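*Asks:* could you work out the structure for the sequence below:
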Amino acid sequence: MRRSGPLFTLLTGLLLGLFMLSLNATTGTKGSSYESEPTPSATPRASSPAASPKPTPTPKPSKSSPPNADYAGRTDDDSSAVAVSLRDGKAIAYFCDGHDKESWLKGDVKDDGSMKLSGKHGAKLNGTLDAGRRIRGSVDIGGGHYGFTADKAIKPSGLYRATATVRGAKLDGGWIVLPGGKQVGILTRDGKASAAPRIDPATGAVTIDGKQLTARPVTP
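*Replies:* Now for the predicted structure:
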């Protein structure tokens, strides 16, 4: 009986060991595995429609100023002459009766060829350029109203002027050389008007009170 005690203890330990081995086999640690969750795909942003290009504005045709030219002619009643010089949208004109009535006028020329020129003592010239061939209009001066037509002038026709001081007198001469060579002009001496002597159309030379002067083409 005394020998059965250690044997029982040995069997008990053996059974306990087997039980523990069996327990480890069934409850062994499982290797954890991670399944990567799918990364949520970014929702593609709706692309905004490309802005349609703005239509290029059609350039407006540029208006050009009336061509540079000179014009000369007579009034409708044939009593006086009128000359007009155009340069770069500017105009200068001369009205002259060849005796004692004259006026220098100036102003702008619009793109449509119309012009309103003004001079001393309320003188006015209203005119319109007709296709570059002639100017048709009127002059108001000294209480009179004069219609006129001035055709395009070809040199030496046109407008001339000379200023000088001769023997203490201030001289101012204006000449209109008409197509065909006829001249109409006034010379003022210290403000007193009289008919002007003829000039040489080719050179503009003119002799006044014994002194030779040069009348030069007038432009604005």
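*Asks:* residues contacting the nearest residue to residue 130 once chain neighbours are set aside?
*Replies:* Distance criterion C-beta to C-beta, 6 or more residues apart in numbering; nearest residue to residue 130, sequence neighbours excluded, is residue 136 at 6.0 Å. Every C-beta, even on glycine, is put in place using the N, C-alpha and C of the backbone. Applying C-beta atoms under 8 Å, 6 or more residues apart in numbering to residue 136 gives the contacts 127-128, 130, 148-149.
*Asks:* where does the chain dip in pLDDT?
*Replies:* Low-confidence segments of the chain (pLDDT under 70): 1-63.
*Asks:* so which residues of it form helices?
*Replies:* Here the chain has its helices, by DSSP state H, at 4-26.
*Asks:* surely residue 162 meets residue 206?
*Replies:* Yes. Using C-beta atoms under 8 Å, residue 162 is in contact with residue 206, at 6.4 Å.
*Asks:* overlap of the contact sets of these two?
*Replies:* 173, 199, 213-215.
*Asks:* give me the buried subset of those.
*Replies:* Buried residues within these, defined by neighbour count using 16 or more other C-beta atoms under 10 Å: 173, 199, 213, 215.
*Asks:* cross those against strands and list the overlap.
*Replies:* 173, 213 (DSSP state E).
*Asks:* so which of the buried ones among the shared contacts of residue 162 and residue 206 is the closest to residue 86?
*Replies:* residue 215 (19.7 Å; C-beta to C-beta).
*Asks:* so that closest one makes contact with residue 159?
*Replies:* No. In this structure, residue 215 is not within contact of residue 159 by C-beta under 8 Å, at 9.7 Å.
*Asks:* mind exporting stretch 132-141 as PDB, just the C-alpha atoms?
*Replies:* Extracted C-alpha coordinates of stretch 132-141, given in PDB (Å, rounded to 0.1, in the frame of the first residue of the first chain):
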ATOM      1  CA  GLY A 132     -11.900 114.900-103.600                       C
ATOM      2  CA  ARG A 133     -12.700 116.700-106.900                       C
ATOM      3  CA  ARG A 134     -14.200 120.000-105.600                       C
ATOM      4  CA  ILE A 135     -15.500 121.900-102.600                       C
ATOM      5  CA  ARG A 136     -19.000 123.300-102.700                       C
ATOM      6  CA  GLY A 137     -20.100 125.700-100.000                       C
ATOM      7  CA  SER A 138     -20.700 129.300 -99.000                       C
ATOM      8  CA  VAL A 139     -18.900 132.200 -97.300                       C
ATOM      9  CA  ASP A 140     -20.500 134.800 -95.000                       C
ATOM     10  CA  ILE A 141     -18.500 138.000 -94.800                       C
END
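*Asks:* no further queries at this time; thank you.
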